[in-house]
Every structure is written in structure tokens, then in C-alpha cells.
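Q: below: sequence and its predicted model.
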Amino acid sequence: MTPRATFPHKILPYLLVAPQLAITLVFFYWPASQAVKQSLFREDPFGLHSKFVGLANFKHVLSQPNYINSLEVTVIFSVFTAVISMAVALLLAVMAEKVIFGRAFYRTLMIWPYAVAPAIAGMLWLFMFNPYFGTLALPLRWTGISWDPLLNSGQAMVLLIAAASWKQVSYNFLFFVAGLQSIPKSLLEASAIDGAGETRRFWTITFPLLAPTSFFLLVVNTVYALFDTFGIIDAVTGGGPGRATETLVYKVYKDGFVNLILGDSAAESVILMAIVIALTAIQFRYIERKVHYG
Amino acid sequence: MTSSITNRIVAHALLILGIVIVAFPIYYVFVASTHSLKEILTPPLPLIPGSQFLHNYYEAIFGGVQKIGGVSAARLLYNTTVVGLCVAVGKIAISILSAYAIVFFRFPFRMTFFWMIFITLMLPVEVRILPTYKVMVQLHLIDTFGGLILPLIASATATLLFRQFFMTIPAELVEAARVDGAGPWRFFFDILLPLSKTNIAALFVILFIYGWTQYLWPLLVTNSNDMNTIIIGLKKMISFADADTQWHLVMVTCILAILPPILVVVLMQRWFVKGLVESEK
């Protein structure tokens, strides 16, 4: 960093950072350290006794079939949500680049779901597809599917993925549009003069040049699917039927607040933190690389 | 040329299909909110709004929601607005100040502080819900606006964005201001703040939506119905197992819960899109 002009004050800068630091310390570092500490202790549900158990909570958590199940559920849910919402957004963004008339109109309508809370996104889809009075559940019935996402675990997952992807399409769309606009038109024209067809131009020029945007979105979408979708799951399935849609975050919540297995919940929190830190590190490395090369 | 015209027609067709899928769930709920309970319960729902618009909205806003959830629709909207506004304004205020200190002053522990703030990027509320909840209990913040808002206003993203922007401000500007005798506050209010207007507007939209759409945290930190946000209130009104659910009122509440953030996004679209795409870089 280049040396820059600054103000020669001794106390003022501390006062300026104080509010943010205070909130960070009280609501981030204190609870996070408590989580780490608690993950090493076992406590009875009333909080009367706790004893140091080392890594026993982690061992216990990782050996539970329920935890492995929620790990699988999380992976399936996240991969499908990220891939579907990105693929749909990319298709629509490429189409939006082609049209001249009505571009702003399309964009305005496309960004609505960004403003809808995840929990409400889940409710909207459940209104449409619920087996009791969902209008869109009817055509499914007519085709002979016994549609009941509240009882059938596969269908519950499909509904969650649909709602989660729907909500995320607008975000991905905006980024792909920005990414497409930054691709030099001269490259595409040169390639067209050389006789490359549209499909070929897309796969050999546009798609590779969108790689940074796609990679960034992949990380963001994974984090979204891991954390922000708690509301969708709680509103639509509550983790059920059975444990068919219980993701890692949902399990932390359930073990901590419903089942009151505090040690396990803390250990699960710490594992989640490790996952987020890894994802952030990947994202950060990618940002660094972009700074160096372009 | 004909191929390019066909191309464009295909593009429009796909975009329209995309928009139908994107907008349909919201339209569907709006249509449902204008029909009577009986019509909602006998699918298929007509695709055009019904005649009960005034009746349903009047009933929901003046007493209907209160009767089901024990709290009025106005109170739910008020709570959610307070949370959305305070989260947005609070986050912007504390992060612009800390970014200002980190970029325009030199002091011991400057980089330590920066890293301490930066690391919080990696700790979303969801991974530390139980311990944060315990902190809330100890500080007596359950069922208060403080409890709803404070844990959400510390975040590294806004600080990072302001820091990045401040570093693009030429050093000559700071020197010129100092030569002219402007102190740090004068510089902040007369130069920095006006320059940051676009960034602040963009962040405001993103953070207001963030505050408005919170779910897990308000669910944990509020027990009393009076402190619910509209999204939690809505969740409590719904039961698919219960035959008595007043679906027409649920649909109205749903529209009330999604309309304000949609308006903010659509009306402030220009800043929002710019801010979103740039702040995440």
C-alpha cells in the first residue's frame, strides 16, 4: 500500500473504530469462543453440570447416522440449488444480452425475488404446490403422480430446491449480465468474421471468459444454500418428513434449541465454522489472483 | 439476417417464459389475496384477481391478523420496518466510521483491528446461534429491538466496501483539505460523505433487504408476539394440518410482507444493481 496523507490524531481513530469493535467483540468473538469452549464440554440440559470431554463431542457427532444423513442432505440440496439457479440465470442473461427492445423491462421483473425473504419464498411455493389446495398440485395429480411433498421425502426435497433456486436466480442473473457486458465485443466480432457460429462463439469465448464470475457465484451460492435457506426449510418442511430435509444448519438449530443436546450442537457449530472459513479462504484466494492478473 | 431475427424472437420467448416463472409465485399469492377463503380452498384458483380485494385487506389490517396471531398487522409491519431501517443505517454508520479511521489515520493496532473486523466475514449468525442467544439472555436483550438489531449490524462487508472506495480517493484531496485548515470531521462531512453518496445508497438497499428478510435470528430472540417481525408472524399464522387456517388473511399478510422490500429494490434499482455487483467484487 502506498503511504498516503493522513490526519495526525492520537485518540480520534480509536473512537471511530470503537462502535464496530465493541459490537464485533460482544456478538462475534465472545459467542464464537463460547461455541468452541462448549464443544469441548458436555453439559446436562439444565446447565447444572458440565465436564471437559476433549474431542468426544466431535467424535460423537461424526459417528451419528443422523449427522451423516444431514451432511448428505446438505450436499444434495446445495449442489442442485447452485447448479440450477446458475444455469437458469446464465441462460436468461445470455438471452437478455441479445435483445435490444425491452431489456430494462426484463431486468426490472427479473430482480423481484431478490427482495423476497427465503422463508416467504418457501411459503409461496408451498401455496402453489401443497396437496390440499395448491393449484399447481392439480396438474401433477392428473399426470398420475401421487404428489405430497409433506409426506414424500423426495418430493419435499424437489420443492425446497425449486423454491431456493427461484429465489437465487435474480441475484445470479445480475452478476451474469454484468459479466457478459465486460466481455470485449471485438473478440466476438472477430470470431464471427472467422466464421464461428453462435453456439461455437458461446462455448469458446463467452463461457471461458465468464469463468471468474461463475466461480465467484459458485462460492456465493454454496454459502447461500448452506445458511440463508434455513427459512425456506423451516417454513416448508421443518426438516421433515422424517429427517429427509434436515441440513447441517437446521440440525444445529434443532439439537441446540429443540433437543437441547448442547455439546453436540456446539460441536456442529464449530464444524460449520470450519466449512465457512474454508469457503471464504477459497474465495479470497480467487480475489487475490484476479487482482494480480487482471 | 433472418436467422438473427429468429434468434431474437427465441430470446424474447425464453425471457418471457423466465419472467413468467420468476413472477408467477408472487402474482399467484396476490390473486389468492383477492379471493374468498372458500375459493382458495377449492382449486384451481382463477388466474385473475377476484372481488374480495377490499374486503380481505380491510379485514386483515383491521383486526383479522390480530385475531389469529395476537398481534396486529400494523405492529408487525412497524417492527419489521424498524429492524430493516436500523440494521441498514446502523451498519452503514459504524462501518463508514471504522473504514474512515483505518484508511485516513495511522495508529497502533490499526491492522489488528482491520483483521478482527475482516474475520467476522467468516462467522454468519447461523453458525453461532446458541452461544449468541446465551449472550442475549445475559444482556437481557430477548424481546427487545436491541436484541433483534445489534447482532446483525456488525459485519465486515460494508467496512470492506468503504475501505476499498476510500483508498481510491486521491491523496492530494486530503492534503488540499488539510492545507485549507479542514480538520478530520470537516473533511469527513464536507468531502468524504458527499463522495460516498452512491455507495451509501447502494448499501442501504442491500442492507435494508437483509434486515427485512431475516428469519432465524428474529425467530430465536423474540418470544412475545408483539416483537415478531412480519415474516415470523406469517409463519405462525400458517398450519397445513389445521383446517381453520384463514388462508385469505395469510395471503394478504404475505403480500404486505413482500411489497415494501420489492418497492425498495425496484425504485432504487439503479443504485442497487451497481452496488450489488461492485460490492461483492
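A: In hand now; what should we look at? Residues are numbered from 1 along each chain as shown, chains lettered A, B, ... in the order given.
Q: give me the low-pLDDT residue ranges for the stretch 1-150 of chain B?
A: By pLDDT under 70, the low-scoring segments of the stretch 1-150 of chain B are B:1-3, B:122.
Q: quick one, helices of it?
A: All helices of the stretch 1-150 of chain B, identified by DSSP state H, counting those that start in this stretch, fall at B:2-32, B:37-41, B:53-59, B:65-69, B:73-104, B:110-119, B:129-138, B:145-153.
Q: ok, the last one near chain A or not?
A: If I follow you right, that is helix B:145-153. Yes - using CB under 8 Å from any CB of the partner chain, helix B:145-153 reaches chain A at B:150-151, B:153. From N, CA and C alone the C-beta is placed, and that goes for glycine too.
Q: of these, which is the most crowded?
A: Each of the residues of helix B:145-153 next to chain A was scored for neighbours by other CB atoms under 10 Å in any protein chain shown, and residue B:151 scores highest at 25 neighbours.
Q: how about that one: what's its closest non-neighbour residue?
A: Distances taken as CB to CB, 6 or more residues apart in numbering or on different chains place residue A:27 nearest to residue B:151, at 4.3 Å, with adjacent residues excluded.
Q: and residue 203, what does it touch?
A: All of this is about chain A. Taking CB atoms under 8 Å, 6 or more residues apart in numbering or on different chains, we find residue A:203 in contact with no residue.
Q: wrong one, chain B
A: Neighbour list for residue B:203: B:88, B:91-92, B:158, B:161, B:275, B:279 [criterion: CB under 8 Å, 6+ apart].
Q: again, but for residue B:148
A: B:79, B:83, B:217-218, B:221-222, B:227, B:229.
Q: ok, those vs residue A:175, which is closest?
A: residue B:217 (26.3 Å; CB to CB).
Q: in what helix or strand does the closest one lie?
A: helix B:216-221 (DSSP states H and E).
Q: right, and the helix or strand after that helix?
A: Per DSSP H and E, helix B:216-221 leads on to helix B:230-237 as the next helix or strand towards the C-terminus.
Q: who does the helix or strand following that next one touch, helix- and strand-wise?
A: Following helix B:230-237 in sequence order, the next helix or strand is helix B:247-267 (DSSP H and E). Applying 3 or more CB pairs under 8 Å, 6 or more residues apart in numbering or on different chains; DSSP states H and E, one finds that helix B:247-267 contacts helix A:118-129, helix B:2-32, helix B:37-41, helix B:53-59, helix B:65-69, helix B:73-104, helix B:197-212, helix B:230-237.
Q: returning to what we had before: contact partners for the residue nearest to residue B:151?
A: B:132, B:135, B:150-151, B:154.
Q: farthest-apart pair in those, please.
A: Checking these with CB to CB, the most distant pair is B:135 and B:154, at 12.6 Å.
Q: and residue A:135, how far from chain B?
A: Using CB to the nearest CB, to the nearest Å, residue A:135 is found at 4 Å from chain B.
Q: quick one, phi/psi of that residue?
A: The phi/psi pair for residue A:135 (degrees, to the nearest 10) reads phi -60, psi -40.
Q: for the stretch 151-294 of chain A, which residue gets nearest to chain B?
A: residue A:231 (3.5 Å; CB to the nearest CB).
Q: can you list contacts of the one helix or strand that residue maps to?
A: In this structure, residue A:231 is located in helix A:230-236 according to DSSP H and E. For helix A:230-236, the surrounding residues in contact (CB under 8 Å, 6+ apart) are A:117-123, A:125-126, A:149, A:156, A:159-160, A:163-164, A:167, A:239, A:245-247, A:249-250, A:253, B:126, B:213, B:215-216, B:219, B:231, B:235, B:238.
Q: and the pLDDT at residue A:210?
A: Looking at residue A:210, its pLDDT is 86.
Q: of all residues in chain A, which one is nearest the centre?
A: Closest residue to the average C-alpha location of chain A: residue A:224 at 1.2 Å, with CA atoms, centre = their mean.
Q: roughly how far apart are that residue and residue B:62?
A: Between residue A:224 and residue B:62 the computed distance is 38 Å (CB to CB, to the nearest Å).
Q: and of the helices and strands packed on helix B:247-267, who's closest to residue A:204?
A: Once the helices and strands packed on helix B:247-267 are compared by CB to CB, helix B:2-32 is nearest, at 18.3 Å.
Q: if we can go back for a sec, quick one: closest of the helices and strands packed on helix B:247-267 to residue A:209.
A: Closest among these, using CB to CB: helix B:2-32, at 19.9 Å.
Q: chain center to the closest one, what's the gap?
A: 27 Å (CA atoms, centre = their mean, to the nearest Å).
Q: which positions in that helix come out as buried?
A: B:11-12, B:14-15, B:18-19, B:22, B:24-26, B:28-32 (16 or more other CB atoms under 10 Å in any protein chain shown).
Q: ok, residue B:229 - how many residues close by?
A: Count around residue B:229 with other CB under 10 Å applied: 29.
Q: now residue B:128
A: Applying other CB under 10 Å, we find 28 other residues in the vicinity of residue B:128.
Q: now for it: which residues touch it?
A: Contacts of residue B:128 by CB under 8 Å, 6+ apart are A:28, A:31-32, A:35, A:269, A:273.
Q: where's it relative to residue B:262, distance?
A: Residue B:128 is 31 Å from residue B:262, by CB to CB.
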